[in-house]
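Chemist: fold the following.
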Amino acid sequence: MDLKQLQSDIQAWREYNFPNSNDLQQFLGVVEEVGELAHSILKSQQGIRGNEHEAEARDAVGDIMIFLMNFCSANNWDLEDILEETWAEVNDRDWIKYPEAGKGDK
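Modeler: Residues are numbered from 1 along each chain as shown. Predicted coordinates for the structure are as follows:
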């Protein structure tokens, strides 16, 4: 799957279905879905309310990613670029060797 194409496809779907949506609405969608993810994890940990928690969690993760892609598109950001840049920074950290700051003086 090509992340850039997926973001473009999702943006086109959003613009067709919700032509007046904005980045705030996309951000609030992320927050709502994080709440749904938290709910499914909590109920799973408590062992209550059925056994659909994994499916609900997976659905929430997918929805979070779609809202994040739409948030990025609304701000003319490329999610793939953001992920690559951020991963390069995170991957450079060594919390075992440098537990205070993740990296030494470089």
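
Chemist: what does Lys97 show for phi and psi?
Modeler: Lys97 has phi and psi values of phi -80, psi -40 when expressed as degrees, to the nearest 10.

Chemist: quick check: it vs Val61, distance?
Modeler: As judged by C-beta to C-beta, to the nearest Å, Lys97 and Val61 stand 31 Å apart. Just so you know, the C-beta spots here come from the backbone N, C-alpha and C atoms, and that holds for glycine as well.

Chemist: Leu42 now?
Modeler: 15 Å.

Chemist: neighbour-wise, which of the two wins?
Modeler: Applying other C-beta atoms under 10 Å to Leu42 and Val61 shows that Val61 carries more neighbours, namely 15 against 12.

Chemist: next, the more buried one: phi, psi?
Modeler: In terms of degrees, to the nearest 10, the main-chain angles of Val61 are phi -60, psi -40.

Chemist: which non-adjacent residue is nearest it?
Modeler: Leu37 (6.5 Å; C-beta to C-beta, 6 or more residues apart in numbering).

Chemist: residues contacting that neighbour?
Modeler: Contact analysis of Leu37 by C-beta atoms under 8 Å, 6 or more residues apart in numbering lists Ala57, Ala60, Val61, Ile64.

Chemist: of the residues you listed, grab the buried ones for ChimeraX.
Modeler: Restricted to buried positions by 16 or more other C-beta atoms under 10 Å, the ChimeraX selection for the contacts of Leu37 reads:
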select :57,60,64
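
Chemist: so which of the contacts of Leu37 is the closest to Gln26?
Modeler: Among those, Ile64 lies closest to Gln26 (C-beta to C-beta), at 10.8 Å.

Chemist: neighbours around Asp9, how many?
Modeler: If you count neighbours by other C-beta under 10 Å, Asp9 ends up with 12.

Chemist: same deal with Ser21?
Modeler: Ser21 has 14 nearby residues by other C-beta under 10 Å.

Chemist: which residue packs closest to it, ignoring adjacent ones?
Modeler: Arg14 (6.1 Å).
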